[in-house]
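Q: mind folding the following:
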Amino acid sequence: MSGPAGSDGTPLLRRAVAAGLALFFALAAQCGWAAREPLAEPSATVGKSIYLRGVLGTGALLEGSREASGLRTRGADAACVNCHQRSGLGASEGRNLIPPITGVYLFHPRARSTDELDLPYVQGLRADRDPYTDATLARAIREGLNSEGKPLTYLMPRFALDDADMAALIAYLKTLDPRKVPGVTDTVLHFATIITPDADPVKRSGMLDVMEHYFAEKNSRQMVPSPRMRPSGKTMYSKTMFMVHRQWQLHVWELTGPATTWQAQLAQHLAKEPVMAVVSGLGGSNWAPVHEFCEKEALPCLFPNVEVPVDSSGDFYPLYFSKGVVLEAQLIARKILEPGDGPPPRTVLQIYRAGDSGEPAARALAPALKRRGITVRDHVLAAGALGLGMSEALREASSADALVLWLRPQDVAALGEAPAAPATVFISGLMGGLERSPLPSSWRSRTRLAYPFDLPQKRIVRVDYPLGWFRIRHIPVVAEQVQTDTYLACGLLAEALSHMVDTFVRPYLIEQLQEMLEHRVITGYYPHLTLASNQRFASKGGYIVHFATASGTRLIADSDWLVP
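A: Numbering: from 1, shown residues only. Below you'll find the predicted structure:
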């Protein structure tokens, strides 16, 4: 089970009881299954399917039951990952501990002294029990008895796996080894940041300035290994929790050329410079190749600065602060469809430049409006010619009831005098410069900004901390939101690593972020951050705002925080 899931996630205990998820896993035995020959050798691939998806070797769904309540679960709801997590290192909530079930922990001999406790520290492990064998582990999965024949916790369902699936599952558990992590040595933790060729050069400079200072300061703190903890009297293993100071090494992976070549470039970088995770990073309108590479390589990609993140619910390793312009499209759709002061518009015109972030944003907005009978037209400006073509686009806008502008500041400044129609205008805050957008004064009274952050007056305290950090270190603020998000990403990485002690496992890093994120106080531009086990976006909402006056940066929200 994952740790605390956040305001819209499911608590660990309730998931364990209601969904019936396992200490070890898998089941089968359904009426009508065709008999199959035992596998010559256990297939870890089949075991992975059982563990992560709740699908058996035959393609049938895994089933589990709890004897005390008779509750049964099937398929993904019964998969082992729900309790023991992707890493296999378990979880905790209060006094409820889900133990690690990777092979090195299950089969490790009973520790007779602290010198024999040679495994990375994981909360919930008891090293004072007999080691499992394949046979006793199978018994635990089928009958709920531990290696010594004692009953496991009532949270542990029972699974009736046949011999082939059981062997496959055990084989998969043996592949999970927290001692073999790319990018981790006894003295160094290696991280990468990725920059695509279409990234804004000013934002690139600002982001790297923050990262280089953060890494240098982290490495300047000379620490010695902390002393071993005193035994708690509960488990011998508690003596072994201690941390070794490691330097942080940053590798900057700058991509070049067309997007079709990026994954091959990333593979070369990763082979040459193995890293534990990708931190922050900067993209333009296309981040999909990077996202897909990180998911394929099981490489955490933590909070990159991208306007068009990839929304793929089945993925695990990429995490984002928000959905960017796609979230803005959702906010605008809600405002158009629920105007509150009259009927929705009948026709909407979207203006954006070819190849820029506004293109996928417009694609996200159009279907939501068309489903409600609204006619949506697009005016596509030529790529790259910022500031040109606005007059022609605005002539077309006169026949629309509402206008949506997915434009950069140079194009916003070139709007000129506002035409008589349309009366309703929306603009992307993220693309257009947020409260510093150069929107001409004649447009301000009718224009609404999609704003996927907390309001400036509400975030002052949270943003002042990183801005003060920048001032002390003489870091020029050239892209405040990007630099603040970069600082936040580095801070979240540091906090998650401190919770991991010396157990540096890639999926465990994601799991630690999911568990600790909602307790974070310094959240920068965002009012609150949460990640449940099936979520990729930490901030879920935003505002529709308008300018308070014909000049200046003061914003007024049309409503409370909206979560589309």
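
Q: where's K323 relative to A450, distance?
A: 11 Å (CB to CB, to the nearest Å). Backbone N, C-alpha and C define where each C-beta goes, glycine included.

Q: which of these two has more neighbours?
A: Between K323 and A450, A450 has the larger neighbour count (other CB atoms under 10 Å), namely 29 against 24.

Q: ranges for the helices of the stretch 251-400 of the chain?
A: For the stretch 251-400 of the chain, applying DSSP state H, counting those that start in this stretch gives helices covering 262-272, 288-296, 325-337, 358-370, 390-397.

Q: what's the answer for the stretch 401-550 of the chain, then?
A: Under DSSP H, counting those that start in this stretch, the stretch 401-550 of the chain gives helices at 409-413, 429-432, 441-444, 460-472, 480-500, 506-516.

Q: the last one vs helix 480-500, what angle?
A: Between helix 506-516 and helix 480-500, the angle formed by their directions is 110 degrees, by axes from the mean of the first three to the mean of the last three CA atoms, to 10 degrees.

Q: list the contacts of helix 506-516.
A: 2-5, 85-87, 89, 91, 178, 181, 276-277, 298-300, 302, 316-317, 319, 492, 495-497, 499-500, 531-533, 535 (CB atoms under 8 Å, 6 or more residues apart in numbering).

Q: just the buried residues of those residues.
A: Among the contacts of helix 506-516, the ones that count as buried by 16 or more other CB atoms under 10 Å are 2-5, 85-87, 89, 91, 178, 181, 276-277, 299-300, 302, 316-317, 319, 492, 495-497, 499-500, 531-533, 535.

Q: which residues does the residue nearest the centre of the chain form beta bridges with?
A: By CA atoms, centre = their mean, the chain has its centre lying nearest to L319, at 2.1 Å. Bridge pairing for L319 (DSSP bridges) gives the partners L302.

Q: was I right about it contacting L302?
A: Yes - counting by CB atoms under 8 Å, L302 is a contact partner of L319 at 5.4 Å.

Q: ok so, going back, point out the most buried one among the helices of the stretch 401-550 of the chain.
A: Per residue and on average, the most neighbours among those fall to helix 429-432, with a mean of 24 (mean count of other CB atoms under 10 Å).

Q: and that one, what does it pack against?
A: helix 325-337, strand 447-451 (3 or more CB pairs under 8 Å, 6 or more residues apart in numbering; DSSP states H and E).

Q: coming back round to it: and of the helices of the stretch 251-400 of the chain, who's closest to I351?
A: helix 390-397 (4.9 Å; CB to CB).

Q: where strands are concerned, which of the contacts of helix 506-516 count?
A: If you go by DSSP state E, the contacts of helix 506-516 have A91, A277, L302, L319 in strands.

Q: output stretch 172-183 as PDB, restricted to C-alpha atoms.
A: In PDB, the C-alpha atoms belonging to stretch 172-183 read as follows (Å, rounded to 0.1, in the frame of the first residue of the first chain):
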ATOM      1  CA  TYR A 172      10.000 -11.700 -10.000                       C
ATOM      2  CA  LEU A 173      10.500 -10.900  -6.300                       C
ATOM      3  CA  LYS A 174      14.000 -12.100  -6.600                       C
ATOM      4  CA  THR A 175      14.800  -9.600  -9.300                       C
ATOM      5  CA  LEU A 176      14.000  -6.700  -7.000                       C
ATOM      6  CA  ASP A 177      17.300  -5.800  -5.400                       C
ATOM      7  CA  PRO A 178      17.700  -2.400  -3.600                       C
ATOM      8  CA  ARG A 179      21.500  -2.900  -3.600                       C
ATOM      9  CA  LYS A 180      21.900  -2.500  -7.400                       C
ATOM     10  CA  VAL A 181      20.900   1.000  -8.400                       C
ATOM     11  CA  PRO A 182      22.300   2.900 -11.500                       C
ATOM     12  CA  GLY A 183      23.800   6.300 -10.600                       C
END
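
Q: check which helix or strand W248 maps to.
A: W248 belongs to strand 247-254 when assigned by DSSP states H and E.

Q: what angle sits between that strand and helix 288-296?
A: If you take the same axes, to 10 degrees, strand 247-254 sits at 140 degrees to helix 288-296.

Q: low-confidence stretches in the protein?
A: Across the chain, residues meeting the criterion (pLDDT under 70) sit at 1-42, 68-69, 93-94, 111-118, 124, 126-128, 222-244.

Q: mind redoing it with 50?
A: 1-40, 227-241 (pLDDT under 50).
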